[in-house]
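K.L.:
Sequence below, structure please.
(one chain, ligands or ions: 1)
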Amino acid sequence: MWRSQSIRLILETFASSRLDGDLEKVWRGIRKLREYRDANGYVYPKISLKGTLFSNTKTELPSIVDVAKSNGVEVFESFQPLNPMKNYVRIYPKEKLQELAVIDEVVQSAHADYDYATSNLQPFREFCQTEGIDLFPTTKANPKFKNCDETWIYSLLSGDVTPCCQIKDPPNRNWNIFKRNIADILDDPDYESLRFNLWNGIFPDYCEGCWKTR
Ligand code: SF4
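P.N.:
Numbering: from 1, shown residues only. Predicted structure coming up:
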C-alpha cells in the first residue's frame, strides 16, 4: 500500500515539476534502450539516476531507487533540492519558491538514504573507477579562498560551452562547439581567465546562490 502511494506521489511530483513531466514515458524509454543494448550485446550506454527532491518527496528516495532499478537503471549518481541560484529561481513557478526555504532539510534527508541507494544501485564513484574515469583529475582546493574547483566542460543544446552545468546562460558566444573545437575553447584566454577567477573565489554574478559560494 505504502509503495503504491509513494509511486503515485513520485509520478505526480515529476509531472508538476517538468514541462513534459511524464515519468512513465521516461521509464518506457529507458526500458527500450536497455532492451536494445542487451539484445545487441552492447555494454554501453550505462543508465544512471540523478534527480531533484522536494519537501513532499524528501523521504521517497528508497522508493525512487526501487522503481528506477525495476525499470533498468543501473548507477546511482545523486539527488539534490531545488537550485537557489538566481538564474534558476527566475524560471521556477511561483508555487515552487517556498521550497527554497527547506533546501538544507531536503539535502540532509536525501543523504540519509544514500546508503540504501548505493546498496541497490552501483555508486557513481565506483562506476567511474571501474570505467577508468578520473572524476576530479586536477581538482585542488584553494587554501585561502572559498572557491569553485569545478573542472568540467559543459555544453548546452545550442553548443555554447560553460565551465559548469549550473550555468544556463552562455557566458561567451565564442565558446561554441559548433564553431570551434574544444581544445581551442579551453585555450581561449577568456575561458582560462574565467576558470582562474573561479578558483580564486572571484565569482561571476551567475554563480550567486550556488552552494559553493554559500
Ligand atoms: S561557483 Fe559557479 S561555476 Fe562553480 S559550481 Fe557554482 S555555479 Fe558552477
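
K.L.:
quick one: the strands in the protein?
P.N.:
Counting by DSSP state E, one finds strands in the chain at the ranges 48-52, 75-80, 122-123, 154-155, 161-162.

K.L.:
Sheet-wise, list the partners of the fourth one with their directions.
P.N.:
Just to be clear, that refers to strand 154-155. Paired neighbours of strand 154-155 in the sheet (DSSP bridges): strand 161-162 (antiparallel).

K.L.:
now do the third one
P.N.:
Note on strand 122-123: by DSSP bridges, its sheet partners are strand 75-80 (parallel).

K.L.:
residues contacting F178?
P.N.:
Residues counted as contacts of F178 (Cβ atoms under 8 Å, 6 or more residues apart in numbering) are G159. Glycine gets a C-beta too; all of them are placed from N, C-alpha and C.

K.L.:
pLDDT at it, what is it?
P.N.:
The model reports F178 with a pLDDT of 95.

K.L.:
in the sheet, who's paired with the spatially most central residue of the chain?
P.N.:
Centroid check for the chain by Cα atoms, centre = their mean gives K50 as the closest residue, at 5.9 Å. Beta bridges link K50 to S78, judged by DSSP bridges.

K.L.:
just use 9 as the starting number from now, easier for me
P.N.:
With 9 as the first residue, the last one maps to K58.

K.L.:
Thank you kindly, that will do.
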